[in-house]
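# Following is a predicted model, sequence given first.
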Amino acid sequence: MKTFLKGGLFVAAMLAATAGYAQTVNDDTPNSNYLTTSNENGKQTEEFRTNWNGVVYKAKFVNNKMTELNIDGQQIPESGWNKYSSVIAKIKEQIRRDKIQAKKDQEQAGRDMLQAKKDQKQAMRDQLQAKRDAEQAQKDAMQAKRDAEQVTRDQAAAQNDQQQAKRDQEQAAKDMVQAKLDQEQAAKDQLQAKRDQEQAARDMVQAKKDMEQAKKDQELLRALVADLVKDKIIATDKDLHTLTLNTDEMTVNGKKQPAAVLEKYKAKYKRFTHLNFSYGNEDGVRTYEGLHISH
């Protein structure tokens with residue numbers, strides 16, 4: 001099973017799902033992420049702020065053209081923008097993907113809830129029909145009994161009455177069978193409606209848990225990178241390109257680390273170790289097993 005965490009940008013995309021009017025999000029922490037969009041005088045303005053690989057990027061776009069760039073609180077002149085074009089493009093692409101996924105998840109939850117309501121209504125209709133069939137079956141049985149009594153009272157018309165009674169009895173039996181089938185179907189429809197509701201609820205709960213866990217894993221990753229810098233395994237957090245950590249081995253930028261380093265990080269970052277953790281921020285196609293975080 002593969003798990004992909006996108007640096008908290010899913011939260012930003014959810015906040016920017018509607019681009020036709022301005023949205024404002026409180027920026028209470030230095031690691032928060034947000035995107036705002038607005039349209040004024042025919043100009044579409046977009047602004048985002050995100051912590052990407054430990055660097056805080058803030059940018060403003062007018063009609064999809066960047067007009068401002070701020071990195072770690074420092075305003076970058078236009079002459080230096082080309083140096084950051086690649087990472088800005090990656091951030092914008094991630095925001096676009098997360099907005100699309102968030103919209104799909106919301107639409108699917110809506111469809112599940114709508115289907116559950118339809119199943120409930122169908123179950124109620126089936127129950128009502130089953131009740132009507134049972135009442136009709138009871139009436140047919142009573143009619144059959146009256147017909148049989150009429151046979152006894154009137155021997156002259158006995159043959160005709162007996163035939164009618166037989167037909168009524170056959171119909172009553174069919175109605176009883178149909179009533180039973182309708183009741184069984186109603187029970188099935190009720191059970192399915194309940195399952196659909198429970199699944200929709202579980203999906204919403206799981207989505208919330210995944211978002212919370214993604215945030216925790218990002219925080220844990222930042223702590224691990226800080227330890228790598230502190231232990232002088234890398235000079236700065238920008239020097240980390242690939243990282244793997246499991247119970248048997250630890251590599252940093254493709255270099256296997258000594259046993260002492262492995263034991264230290266295994267003990268401190270048990271979640272990553274047990275999930276066969278890997279991290280990468282370089283372009284290219286890779287296949288990962290276990291927990292993977294990419295930027």
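Looks like it came in fine.

# per the record, what domains does the protein have?
Domains of the chain are assigned by automatic domain parsing as 2-105, 107-207, 219-294.

# Of those domains, which is nearest Q213?
domain 2-105 (8.2 Å; Cβ to Cβ). Yep, even glycine has a C-beta here, placed from its N, CA and C like the rest.

# quick one on the thing from earlier: of the domains of the chain, which shows the lowest average pLDDT?
Confidence, taken as mean pLDDT, is least for domain 2-105 of the domains of the chain (a mean of 76).

# returning to what we had before: output the domains of the chain in CSV, with mean neighbour count and distance to Q213 appended to each entry.
Formatted as CSV, the domains of the chain follow (neighbours: other Cβ atoms under 10 Å; distance: least, Cβ to Cβ, whole Å):
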stretch, mean neighbour count, distance to Q213
domain 2-105, 15, 8
domain 107-207, 15, 10
domain 219-294, 15, 10
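
# C-terminal to the longest helix belonging to the chain, what's the next element?
As assigned by DSSP state H, the longest helix anywhere in the chain is helix 158-230. Remark: after helix 158-230, the chain's next helix or strand is strand 242-245, criterion DSSP states H and E.

# for that next one, packing partners?
If you count contacts as 3 or more Cβ pairs under 8 Å, 6 or more residues apart in numbering; DSSP states H and E, strand 242-245 packs onto strand 250-252, strand 277-280.

# The ones you listed: which one's closest to A200?
Nearest of the helices and strands packed on strand 242-245 to A200, taken as Cβ to Cβ: strand 277-280 at 32.1 Å.

# That closest one pairs with which strands, parallel or anti?
strand 242-245 (antiparallel), strand 290-294 (parallel) (DSSP bridges).

# chain center to that strand, what's the gap?
23 Å (Cα atoms, centre = their mean, to the nearest Å).

# What of stretch 182-199?
24 Å.

# Show me the contact partners of that stretch.
Applying Cβ atoms under 8 Å, 6 or more residues apart in numbering, the set of residues contacting stretch 182-199 from outside is 112-113, 115-116, 119-120, 122-123, 126-127, 129-130, 133.

# Could I get the contacting residues of D140?
So D140 contacts 168, 171-172, 175 (Cβ under 8 Å, 6+ apart).

# all helices in the stretch 1-150 of the chain, in order from the N-terminus.
In the stretch 1-150 of the chain, the helices defined using DSSP state H, counting those that start in this stretch lie at 9-15, 85-153.

# can you put those in CSV and add distance to M66?
Converted to CSV, the helices of the stretch 1-150 of the chain look like this (distance: least, Cβ to Cβ, whole Å):
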stretch, distance to M66
helix 9-15, 17
helix 85-153, 7
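
# Please verify my assumption that K238 contacts D72.
No. Between K238 and D72 there is no contact under Cβ atoms under 8 Å: 11.1 Å.

# between these two, what contacts are shared?
Counting by Cβ under 8 Å, 6+ apart, the contacts common to K238 and D72 are V55.

# Kindly export the lengthiest strand in the chain (C-alpha atoms) in PDB.
Of all the elements of type strand in the chain, the one with the most residues (DSSP state E) is strand 43-52. Output in PDB follows, covering the C-alpha atoms of strand 43-52 (Å, rounded to 0.1, in the frame of the first residue of the first chain):
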ATOM      1  CA  LYS A  43      -7.900  40.800 -13.600                       C
ATOM      2  CA  GLN A  44      -7.600  37.500 -11.800                       C
ATOM      3  CA  THR A  45      -5.300  37.800  -8.800                       C
ATOM      4  CA  GLU A  46      -3.900  34.700  -6.900                       C
ATOM      5  CA  GLU A  47      -1.700  34.600  -3.800                       C
ATOM      6  CA  PHE A  48      -0.300  31.600  -2.000                       C
ATOM      7  CA  ARG A  49       1.900  31.000   1.100                       C
ATOM      8  CA  THR A  50       3.400  27.600   1.800                       C
ATOM      9  CA  ASN A  51       6.200  25.900   3.700                       C
ATOM     10  CA  TRP A  52       8.000  23.900   1.000                       C
END
